[in-house]
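Novice: sequence unknown, structure follows:
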């Protein structure tokens, strides 16, 4: 009868609503951020809950800066090399001289592209290699970037390659 079909459909709707409510509870518990804007450690592996996405992005950029400096260093490096954030309008000779790693080896400007590439012909990052005396490098200093800007595409960031 028609009433039996309606009752069956209502039972199915009730069952589906219960499943939706259960799934929504799971999603809400997973996506809930802590007071400091981080994902709860209960849903993240290892120490990922100790860092924001921006922190991880900065670390990736810092590793890229160190690698770029290694490639741009004419002395073939050593154990006393550091990538130091460049400063807008200031030479890397000056930036390095103001640190313990006082000798400039070079300057680099880096930009990484978001997302994984799907072909071997697609660039994943761009760079410039400058001498220590340049003040007009492409991009900006990390010191003038906000955390939210690091996630935006299209900007070069400058680093000085220093050693002692």
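Specialist: Nice, thanks for sending it over. If you're wondering where the values come from, they're calculated on a predicted model, not measured in any experiment. Numbers count the residues shown, from 1 in each chain.

Novice: lowest-confidence helix or strand of the protein?
Specialist: helix 147-150 (a mean of 75; mean pLDDT, DSSP states H and E).

Novice: which helices and strands sit right next to it?
Specialist: helix 53-72 (3 or more CB pairs under 8 Å, 6 or more residues apart in numbering; DSSP states H and E). For every residue, glycine as well, the C-beta is placed using N, CA and C.

Novice: burial of residue 156, as a residue count?
Specialist: By the criterion of other CB atoms under 10 Å, residue 156 has 15 neighbours.

Novice: from memory it sits against residue 139, does it?
Specialist: Yes. Between residue 156 and residue 139 there is a contact at 2.6 Å, judged by CB atoms under 8 Å.

Novice: Identify the contacts common to the two.
Specialist: 109-111 (CB atoms under 8 Å, 6 or more residues apart in numbering).

Novice: got these as JSON lines, with neighbour count columns?
Specialist: Listed next are those as JSON lines, based on neighbours: other CB atoms under 10 Å:
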{"residue": "109", "neighbour count": "22"}
{"residue": "110", "neighbour count": "22"}
{"residue": "111", "neighbour count": "18"}
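
Novice: Alright, calling it a day.
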